[in-house]
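# Build me a model:
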Amino acid sequence: MMRKHLGFGLNLGALALFFPGILLPMFALNMEMGANINGSSLATSIVDKELSIMATIDELWHDQRILVAALIFLFSVGIPLVKSLLVSIAYFMKHSQVEKRLLTLVAHIGKWSMADVFVVAVFLAILSTNHAETADSHQLSILGFRIGLDISTQTLSAAGQGFYYFTGYCLLSLFGTHLAFSSLKKSELPVKEGQISE
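Below is the predicted model of the structure:
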C-alpha cells in the first residue's frame, strides 16, 4: 500500500515538473559568423534563440512541418498527460478491476512514453555542438592586390531551465509509474497463494 501512495505522490511531483519543462526554454542556441579581411574583422549573429518544447511545436506548425510538430506534441505532451491522468484515476479506484486495467494500460503506454527520454536525448545531441567552430582561409587577388579572407562560424548552445525540469519529470514519472504498477502486482500475490493452498 505504501508503494501505491508513493507512486501516486511521485507522479504528482512529476506533473509539477512537467509544465515548466514544456514551457520554459529547453536550450539556447547562438550561431555567429565572423570575417577577417586583412586584419579588419566583422561579426554577425546568424541564429540567436531560446526554444521550449511548446515553442518548438509552434514554430514547426507555422513552418508547415505539421507531421513533425504533431509527433513531438503527441510524445512530449499528449502521452505524458494521458499517462498521469490514468495513474490518478487508478489511484482512486481502490482494489478494483478498473485500477488493474488502467495500470496495465499505463504500463503499455510506458513503452511509448520512452519518447520523452528520446526528446531529452535529442536536445543533449544539440548541446554537444557547443563551441563547434569552423574556419576557412582564402587568398583573393583583385587588380593585383592580395587580400586575405578568413571566414569562421561558431555555434554555442546551453541547456535552459526547461531541460532540467523535463529531465526531472521523465525520471520521476518512470519511477512513480513503476511503483504504482509494482504495488498492484504485490497486492495480487496473497490471492494467488491462497488459491494454491486451497
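# Please identify the buried residues of stretch 173-184?
In terms of neighbour count (16 or more other C-beta atoms under 10 Å), stretch 173-184 has its buried residues at S173, L174, F175, G176, T177, L179, A180, F181, S183, L184. (C-beta placed from N, C-alpha, C; glycine too.)
# how about the helices in this protein?
2-23, 53-62, 66-73, 79-92, 97-112, 114-127, 161-197 (DSSP state H).
# Make JSON lines from these and add distance to N36 to it.
Compiled in JSON lines, the helices of the chain are given as follows (distance: least, C-beta to C-beta, whole Å):
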{"stretch": "helix 2-23", "distance to N36": "41"}
{"stretch": "helix 53-62", "distance to N36": "33"}
{"stretch": "helix 66-73", "distance to N36": "38"}
{"stretch": "helix 79-92", "distance to N36": "48"}
{"stretch": "helix 97-112", "distance to N36": "50"}
{"stretch": "helix 114-127", "distance to N36": "28"}
{"stretch": "helix 161-197", "distance to N36": "34"}
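# which one of these has the lowest average pLDDT?
Lowest mean pLDDT within the helices of the chain: helix 114-127, a mean of 61.
# Just send the buried residues of stretch 173-184 back as TSV, with distance to S157 too.
As requested, the buried residues of stretch 173-184 are exported to TSV (distance: C-beta to C-beta, whole Å):
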residue	distance to S157
S173	26
L174	26
F175	29
G176	31
T177	31
L179	35
A180	36
F181	37
S183	41
L184	42
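# Contact partners for S45?
Residues near S45 by C-beta atoms under 8 Å, 6 or more residues apart in numbering: N30, M31, E32.
# mind listing what the closest residue in space to L10 that isn't next to it in sequence touches?
On the basis of C-beta to C-beta, 6 or more residues apart in numbering, the spatially nearest residue to L10 that is not a chain neighbour turns out to be G176, at 3.0 Å. Counting by C-beta under 8 Å, 6+ apart, G176 touches L6, G7, F8, G9, L10, N11, G13, A14, V87.
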